[in-house]
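Asks: Structure of the sequence below:
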Amino acid sequence: MSGAPYTTLRAILITLLLVIAATGSDRVAAGEVPPKAKYIILMIADGWGPNHIAATNAYTGGIPDYQAWTQHWVSTYASGGSYDPVRAWSEFDYVGSGATDSAAAATALYTGIKTANGRISVDAAGAGRLLAISERARALGMAAGAVTTVQISHATPGAWGAHNVARANGYAIANEALWGNANVTGSVDDNSKYGGALGGTAIPLDVMIGGGHPFWNTSYIDVAIRNKLMDESGQADAFVFVERETAVDGGAAILASANAGTPRLAGLFGGAGGNIEYRFANGSGHHSENPTLAEMTEAALTVLSRHPDGFMLLVEGGAVDWGSHSNRMDRMIGEMVGFNQAVERVITWVEDPDNGSDWTNTLVVITGDHETGYLTAAPGVFQHQTINTVDEYRLGLEKTISGSSLRASWEDDGDGVIEINEVVYWAWNSRSHTNTLIPLYAKGSGADIFASYATGSDSVRGAFIDNTDVFRVMDALLPGYLDLDITHTDGNAELHWQHTDPHTAYEVRHAVKPYFRGVESTISTITTLPDPGEQVIYPAPEPSPHYYEVRAYAFGLSHAVSERVGHFSFTLVPGQAP
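Replies: Okay, the predicted model is just below:
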C-alpha cells in the first residue's frame, strides 16, 4: 500500500490544527529555549514500585542499563489527593489508601492535570476534554503510537488516544484512538461501552498494538472493531491490520507488516483475560501466537520512524500490574523481564547510527503509573528494606497466608501462618494500588529538566516530582513554542507575541498567583486577530505580583501555550507555588 494518500490526508488535518507548539512548562519569562526532541518515548511498567524492580533484578542476577540513568521519585495521587512523606514512613497503612487508578495516573502523565479515578483524559468532573501530549504532537505533524501487553483500549493506552468519562467504555475509547470518532462501529444503543466520549480526536493514532482481541475476550474490544480493521486493512489511509492467528508466530507477523512500508499499523492479539498471556519468570507461559512487548515496540518504532517530523510512542507493560494485583511474584517478574527487554529494544533503536536518532534528539522516560501490591521484604515492613533473594525455590514457597487474602514467600512449618522463627523472603501487603512514590528513569534530550521539578521532599527517598511534571517536561521538548514578552507602561502590562496562521483565537490568562489555579485566574479571549506576523498587544491592569499566560486556539482546540510572564519580586521555581 502506498503511504501517499494517508500522508496527504494527515497534511490537510495538520494544516487545520498546526500551531506553534506548547511548552506547558512553568517558565517565568522568555529566555533560554529548552532543548527539543524529535522522538519522545514514554515507557510505563504499570504497577511497578521499587521492590518490583529489586525482586526482578534479584531473580535475573543483573541490573538493566536504564537503571544507571538519572533517577527521580514520583508522586502519583489523583485529583483531590495528596502524599504526606511523614505519614508514609511512620504509618505503615497510610499508603494503602488514597491511591490513584491507571486512568487518572495516565491522564496526569499525558496532560499535566490531575483528574478523578476512572477518567480518561477528561477533567475530574467529567465535563471537559484535556489535551494530551500525544494530541499536541500530532497537531505539530509528528506521528504517535501506543503498544501494550493488555487491551489496546485499557486505561493507560486509552488516555493516550481518547477522551472518555469512564475507563470501562473500551469500545468508544478504541474507536476514538483508531478512527477519531467514538461511535464509528457502534453507539451506546448497541452497548453502553460505546458511551462517555466528549467529542472526537482530529488526528487518530498511527500505531496501536496490543491485546484485547474479541475472539478471546470482549471486555474492551468488540467484534465490530476487529471486523472494521480487517475489512479496511490495506486500503488507502487505513491501518494495515495484524491479528492473532492459529499456528502463526505473532512477533514475526507484526514485524513483517511493519517492515513492509506501511505508515499505519494496528495489531490485535489475544488472551483469555484480555491481556496477552503472562510471561512467567523463567520465560514460560507466553504464547508464540502473540508478539512480545519488545517485538511490538520494534514494530512501532519501525513504522513511526517513517514520519519525517518525528514521533511520540507509549510503551506499556500493563500486566506487571495484573500480576501484582493477584500477588503472584512469578507473573510480575515475568512481565517485568518482558518490559526490560522492550527497554533494551528502544535503547538499541536510539543508538542505531542508521535511523537518524541519538541521545541528542531523543528522550526516553521510563516510569510507572502507580505501585500495586505494596510489595515489601516482610509483612508490615516499610518499602525501603529491599528484597534481595528471589529464585525458583523461593517462588515455589509463595502462597496465601492463612486467614488472609494476601500472599508471601516464607519457610513455612506447614500451618500457613508466618511465625516469628520462620524466614520470610517477601510479602504482598495489598491487592490494590498504593500511594507510594515510584521510580522514574530518563535519558536523552531534556532529561535534565526533571531535576528542576523535584521540589517535594521525602525523608527516605529525597526530592521527588509529581506525575504531572512528566507532561511538563515532555511538552517543553516539542518543537517550537509561543514566545511571549511583557512590558509595563502607564500602569498597564503590555503582552507581545506573534500571531501565526491558522490561529482563530487567543486566550490571555491573568492571575495573582502562579500556575493559574483556582479562582484567582481570569481569562480574556481575543477573536479579532491581526494579519499573521504582526504583534499583538494586550493591555491589562497591573497588580503585584501578577502572572500572564497566552493560549492559542485553532478551530476550537488549544495547542499552543506560552511561557508565563509577569511582575514579581521572588524566584519562581518550576512546579512550586510560593
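
Asks: and Gly403, how far is that from Ile418?
Replies: Separation of Gly403 from Ile418 (CB to CB, to the nearest Å): 11 Å. Placement of C-beta: from N, CA and C, glycine included.

Asks: With neighbour numbers in mind, choose between these two.
Replies: The residue with more neighbours, out of Gly403 and Ile418, is Ile418; 18 against 8, by other CB atoms under 10 Å.

Asks: and the more buried one, helix, strand or coil?
Replies: Under DSSP: H, G, I helix; E, B strand; the rest coil, Ile418 falls in the coil class.

Asks: contacting residues around it?
Replies: By CB atoms under 8 Å, 6 or more residues apart in numbering, the residues touching Ile418 are Pro379, Ile401, Ala408, Trp410, Asp412, Val424, Ala427.

Asks: And Leu265, by the same measure?
Replies: Neighbour list for Leu265: 145, 206-207, 209, 239-240, 242, 254, 257-258, 299-300, 303 [criterion: CB under 8 Å, 6+ apart].

Asks: same question, Ile276
Replies: Thr149, Val150, Gly210, Gly211, Phe269, Gly270, His286, His287, Asn290, Pro291, Ala319.

Asks: secondary structure element for it?
Replies: Under the criterion DSSP states H and E, no helix or strand holds Ile276.

Asks: try Thr525
Replies: Secondary structure from DSSP H and E places Thr525 in strand 521-526.

Asks: what is the rounded mean pLDDT of that strand?
Replies: For strand 521-526, mean pLDDT is 68.

Asks: And the helices in the stretch 201-350 of the chain, which stretches?
Replies: All helices of the stretch 201-350 of the chain, identified by DSSP state H, counting those that start in this stretch, fall at 223-232, 250-258, 293-304, 319-325, 329-350.

Asks: wait, the stretch 1-150 of the chain
Replies: Using DSSP H, counting those that start in this stretch, the helices of the stretch 1-150 of the chain run over residues 4-17, 50-60, 85-90, 102-111, 133-139.

Asks: Next, report how far the shortest one is displaced from the centre of its chain.
Replies: Looking back up the chat, that one is helix 85-90. Relative to its parent chain, helix 85-90 has a centroid offset of 27 Å by CA atoms, centre = their mean, to the nearest Å.

Asks: CA atoms only: put it into CSV for me.
Replies: What follows is helix 85-90, C-alpha atoms only, in CSV (Å, rounded to 0.1, in the frame of the first residue of the first chain):
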residue,chain,number,x,y,z
PRO,A,85,6.1,12.0,53.3
VAL,A,86,6.0,11.9,57.1
ARG,A,87,3.0,9.6,57.4
ALA,A,88,4.2,7.4,54.5
TRP,A,89,7.2,6.3,56.7
SER,A,90,5.6,6.5,60.1
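
Asks: on contacts alone, who are the packing partners of it?
Replies: Judged by 3 or more CB pairs under 8 Å, 6 or more residues apart in numbering; DSSP states H and E, the packing partners of helix 85-90 are strand 456-458.

Asks: Note down every partner strand of the strand it packs on and its orientation.
Replies: The strands beside strand 456-458 in its sheet (DSSP bridges) come out as strand 462-466 (antiparallel).

Asks: Now do the helix or strand following the strand it pairs with against strand 462-466, angle only.
Replies: The first helix or strand that comes after strand 462-466 along the chain, using DSSP H and E, is helix 468-476. Helix 468-476 runs at 70 degrees relative to strand 462-466, counting by axes from the mean of the first three to the mean of the last three CA atoms, to 10 degrees.

Asks: Using CSV, write down the CA coordinates of helix 468-476.
Replies: The C-alpha trace of helix 468-476 is given here as CSV (Å, rounded to 0.1, in the frame of the first residue of the first chain):
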residue,chain,number,x,y,z
THR,A,468,2.0,15.9,36.2
ASP,A,469,5.6,17.1,35.8
VAL,A,470,6.3,14.3,33.3
PHE,A,471,3.9,16.0,30.9
ARG,A,472,5.6,19.4,31.5
VAL,A,473,9.0,18.0,30.6
MET,A,474,7.8,16.2,27.5
ASP,A,475,5.7,19.2,26.4
ALA,A,476,8.7,21.6,26.8
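
Asks: Going toward the C-terminus from that helix, what's the next helix or strand?
Replies: The helix or strand immediately downstream of helix 468-476 is strand 485-489, counting by DSSP H and E.

Asks: mind listing the strands for the stretch 51-200 of the chain?
Replies: Assigned by DSSP state E, counting those that start in this stretch, the strands in the stretch 51-200 of the chain fall at 70-75, 143-151.

Asks: then the last one to PDB, C-alphas only?
Replies: Presented in PDB, the C-alpha positions along strand 143-151 are these (Å, rounded to 0.1, in the frame of the first residue of the first chain):
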ATOM      1  CA  ALA A 143       3.300  10.700  14.500                       C
ATOM      2  CA  ALA A 144       2.000   8.900  17.600                       C
ATOM      3  CA  GLY A 145       1.500   5.400  18.600                       C
ATOM      4  CA  ALA A 146       1.000   3.000  21.600                       C
ATOM      5  CA  VAL A 147       1.800  -0.600  22.300                       C
ATOM      6  CA  THR A 148       0.700  -2.600  25.400                       C
ATOM      7  CA  THR A 149       0.500  -6.100  26.800                       C
ATOM      8  CA  VAL A 150      -3.100  -5.500  27.900                       C
ATOM      9  CA  GLN A 151      -6.100  -4.400  25.900                       C
END
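
Asks: counting contacts, what elements does it pack onto?
Replies: For strand 143-151, the helices and strands in contact under the criterion 3+ CB pairs under 8 Å, 6+ apart are helix 133-139, helix 155-161, strand 207-211, helix 293-304, strand 311-317, helix 319-325.

Asks: again, only using 7 Å
Replies: The elements that strand 143-151 packs onto, with contact taken as 3 or more CB pairs under 7 Å, 6 or more residues apart in numbering; DSSP states H and E, are helix 133-139, helix 155-161, strand 207-211, helix 293-304, strand 311-317.

Asks: residues in contact with that strand?
Replies: 134, 137-138, 154, 156-157, 160-161, 170, 205-212, 219-221, 274-276, 293, 296-297, 300, 304, 307, 311-319, 335 (CB atoms under 7 Å, 6 or more residues apart in numbering).

Asks: Given that strand, what are its sheet partners and their directions?
Replies: Assessed with DSSP bridges, strand 143-151 is paired to strand 207-211 (parallel), strand 311-317 (parallel).

Asks: Save those strands as JSON lines, and put in mean pLDDT too.
Replies: What follows is the strands paired with strand 143-151, written out as JSON lines (pLDDT from 0 to 100):
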{"stretch": "strand 207-211", "mean pLDDT": "98"}
{"stretch": "strand 311-317", "mean pLDDT": "98"}
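
Asks: so which of these comes closest to Lys36?
Replies: Distance to Lys36, taken as CB to CB, is lowest for strand 311-317 among the strands paired with strand 143-151, at 13.0 Å.

Asks: Okay then, goodbye and thanks.
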